[in-house]
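Asker: This is a predicted model, with the sequence first.
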Amino acid sequence: MLSNSSKTHETFFASAANEVTGGINKKYYGFKEYFSLKQINKQLAEENALLKNQLISNYDIPDTSVLVVTDSLIRDTLNRPRKYTYLPAKVVGNSVVSNANFLMLERGSKQGIQIDMGVVSPQGIVGVVREVSENYCKVMSLLHHNSGVSAMLQKSKSSGDIFWDGNDPHFVTMRKVSKSANVKIGDTVVTSTYSSNYPSDIMIGTVVEVKPDPAASFNNLKLKTTTNFFNIQYVYVIKNTRYDEQTSLSNKKDAKQP
């Protein structure tokens, strides 16, 4: 009655009603946005995979000085065939407390996953696929005593291999780094060109300590991993289209050897 009888009261009550409904709507959409985060994260992972698949580093030119072969691989605008493909996957299991840690991904053979494919997070490497079922795969984490990754210092290109001692999940060791390499605290370590599981220059960690080996001409480097293994939710599985060719030739014994 007051609202209908006076413009002043009508304005006051309308303003008050808008304030109340606006607050309710804000809270409602806040809750709705929170419960939509799962779907949003999935969409972001798919979009990132699409962007990663467009990187120039995913394409490589084979040596065609003897024979030119036209294959059916996807090519970029410069006619370079694709070497690496990124496949997004959701993490449904992860361990960090033992000395033999694994992750479980919700993506398997039906979705293109194969054994020995490398796995990375948006921050750096995660591990290598070791077992595959139709819709899931098991990944040997970088935090595993049998994990081995070929690495190099980004600045000097000096190589070494990555080892985890089973202690702190935030740190790994880079072994057999030449003492001639001018290593400094904070230097970046990435995957090397020798790796068949990963493209080169994928982040592994940063140097926090240099440990000289008195019995050899090498240094051991303590690295802080760029991947936080405590909160991994989405990763990318990397398919190397030339993996079988590269590894079979690498493992082939010299016929002249006894």
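Answerer: It's in.
Asker: Gln111 contacts Leu87, correct?
Answerer: Yes. Under the criterion of C-beta atoms under 8 Å, Gln111 is in contact with Leu87, at a separation of 7.0 Å. Every residue, glycine included, has its C-beta placed from N, CA and C.
Asker: Which helix or strand in the protein has the lowest average pLDDT?
Answerer: helix 7-35 (a mean of 49; mean pLDDT, DSSP states H and E).
Asker: tell me how far whatever helix or strand comes next after that helix is from the chain's mean position?
Answerer: Using DSSP states H and E, the helix or strand that follows helix 7-35 towards the C-terminus is helix 37-52. Put simply, helix 37-52 sits 13 Å off its chain's centre (C-alpha atoms, centre = their mean, to the nearest Å).
Asker: buried stuff in helix 37-52?
Answerer: Within helix 37-52, the residues that qualify as buried are 45, 49, 52, counting by 16 or more other C-beta atoms under 10 Å.
Asker: Which elements pack onto that helix?
Answerer: Under the contact definition 3 or more C-beta pairs under 8 Å, 6 or more residues apart in numbering; DSSP states H and E, helix 37-52 sits against strand 84-94, strand 234-240.
Asker: Tell me the buried residues in the helix or strand hosting Leu103?
Answerer: Secondary structure here is read from DSSP H and E; on that basis Leu103 sits in strand 100-105. Counting neighbours by 16+ other C-beta under 10 Å, one finds that the buried residues in strand 100-105 are 101-105.
Asker: Could you look up the next helix or strand downstream of it?
Answerer: Per DSSP H and E, the helix or strand that comes after strand 100-105 is strand 118-120.
Asker: contact partners of the next helix-or-strand element following that next one?
Answerer: Past strand 118-120, further along toward the C-terminus, the next helix or strand under DSSP H and E is strand 125-132. Outside strand 125-132, the residues within contact range by C-beta atoms under 8 Å, 6 or more residues apart in numbering are 102-103, 108-109, 113-120, 137-142, 144, 147, 149, 191, 197-198, 202-204, 227, 229, 232, 235, 237.
Asker: 6 Å - rerun?
Answerer: By C-beta atoms under 6 Å, 6 or more residues apart in numbering, the list of residues contacting strand 125-132 from outside reads 108-109, 113, 115, 117-120, 137-142, 197, 202, 204, 227, 235.
Asker: same check, this time on stretch 116-123
Answerer: Defining contact as C-beta under 6 Å, 6+ apart, one finds that stretch 116-123 is touched by 126-129, 139, 197-198, 202, 226-227, 232, 235-239.
Asker: Check stretch 151-171 too.
Answerer: By C-beta under 6 Å, 6+ apart, the residues outside stretch 151-171 that reach it are 96, 99, 143, 145, 148-149, 172-178, 181, 187-190, 192, 204, 222, 224, 229.
Asker: Inside strands: which ones of the residues you listed?
Answerer: 143, 149, 172-178, 188-190, 204, 222, 224 (DSSP state E).
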